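S.K.: only the shape, not the letters, is given here:
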Ligand SMILES: [Zn+2]
Ligand SMILES: [Zn+2]
């Protein structure tokens, strides 16, 4: 991977609320090292809620449903409670998350990428949301540019604005439930803080590690990679080179060994009648065994201002 330092944007802001919130979560998770707070029920709940808030909330809902619209849910309103589950992961409101991620796809591994690995592993992993570029501030113009479809929806606007209620409610709920069995602090620390830290770092690994290490099946214009251990930690999101090549595909694991639990969950939802219009990559095996795409590809999900070289030129001058 190149370690060239890309040009730094002129204006940046330190996001103190995010930094302090993340620091508090990390301190809370460190309490798990105290044996007094350990319980197997807390660990089990941690794993279960990691799957629910990370696997279903972030990977399936925030990413494949809301960002790329790779399938639809039935009934349509199911999208709202699923978005609330995603908010429990403490990764911000869905509109901001979607906007940041669509911008990542538009400028992958470029100066204007939301979390370009060209600025170093730690920037791609977690530095990007601590020091905001002027061009990625979560304001109305940013939302309207990158996520106009969600911004038009008043319920999504409400969920985005008050997203912090959902992780806090999840912490209160696990504490209250645990307290019933005399395990309030144990469940809060393991199913609340440890679970959240685990979801955050595994999500961030997709942005950092899956643009640095691993193999590349498709010659995308970025450095995205397929990385098995990130895929294992993120319910299939680590098949990231496949995803950059076929961004609207609901299935990211394209070869037989590329296990994709998020796609399995979408298939299950489809079987139960809860999902439809599932988009899949049309890929064929090439003569050398690599996967090739036979038709034109859809690059960017619905926005009012689709990415093109002209808009990139304009933003470059920010
Ligand atoms: Zn990427
Ligand atoms: Zn994506």
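M.R.: Arrived safely, thanks for sending. Not measured: the values here are computed from a predicted model. Ligands and ions are numbered 1, 2, ... in the order given.
S.K.: contact partners of stretch 153-167?
M.R.: For stretch 153-167, contacts defined as CB atoms under 8 Å, 6 or more residues apart in numbering pick out 80, 83-85, 87-90, 92-96, 150-151, 196. C-beta here means a position set from N, CA and C on the backbone, and glycine is covered the same way.
S.K.: now do the end-to-end distance for it.
M.R.: 22 Å (CA to CA, to the nearest Å).
S.K.: buried residues in that stretch, which are they?
M.R.: 156, 157, 159, 160, 163, 166, 167 (16 or more other CB atoms under 10 Å).
S.K.: could you report the pLDDT at the spatially closest residue to residue 218 that is not a sequence neighbour?
M.R.: Nearest residue to residue 218 in three dimensions, chain neighbours excluded: residue 245, at 3.6 Å (CB to CB, 6 or more residues apart in numbering). In this prediction, residue 245 carries a pLDDT score of 90.
S.K.: gap between residue 245 and residue 282?
M.R.: Applying CB to CB, to the nearest Å, the value for residue 245 to residue 282 is 12 Å.
S.K.: more crowded one of the two?
M.R.: For residue 245 versus residue 282, the count of surrounding residues by other CB atoms under 10 Å is larger for residue 245: 23 against 12.
S.K.: was I right about that one contacting residue 217?
M.R.: Yes - using CB atoms under 8 Å, residue 245 is in contact with residue 217, at 7.5 Å.
S.K.: list residues touching both of the two?
M.R.: Joint contacts of residue 245 and residue 217 (CB under 8 Å, 6+ apart) do not exist.
S.K.: and stretch 212-219, what's its mean pLDDT?
M.R.: Here stretch 212-219 scores 90 as its mean pLDDT.
S.K.: kindly apply the preceding question to stretch 105-112 instead.
M.R.: pLDDT averaged over stretch 105-112 gives 84.
S.K.: flag every buried residue along that stretch.
M.R.: By 16+ other CB under 10 Å, the buried positions in stretch 105-112 come out as 105, 106, 107, 108, 109, 111, 112.
S.K.: secondary structure and distance to residue 253 added to those, as TSV?
M.R.: Output for these, formatted as TSV (DSSP: H, G, I helix; E, B strand; the rest coil; distance: CB to CB, whole Å):
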residue	secondary structure	distance to residue 253
105	helix	19
106	helix	24
107	coil	25
108	coil	20
109	coil	22
111	coil	31
112	coil	29
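S.K.: show me the two of these that sit farthest apart.
M.R.: Distance extremes for those: the farthest pair is 105 and 111 at 15.0 Å, using CB to CB.
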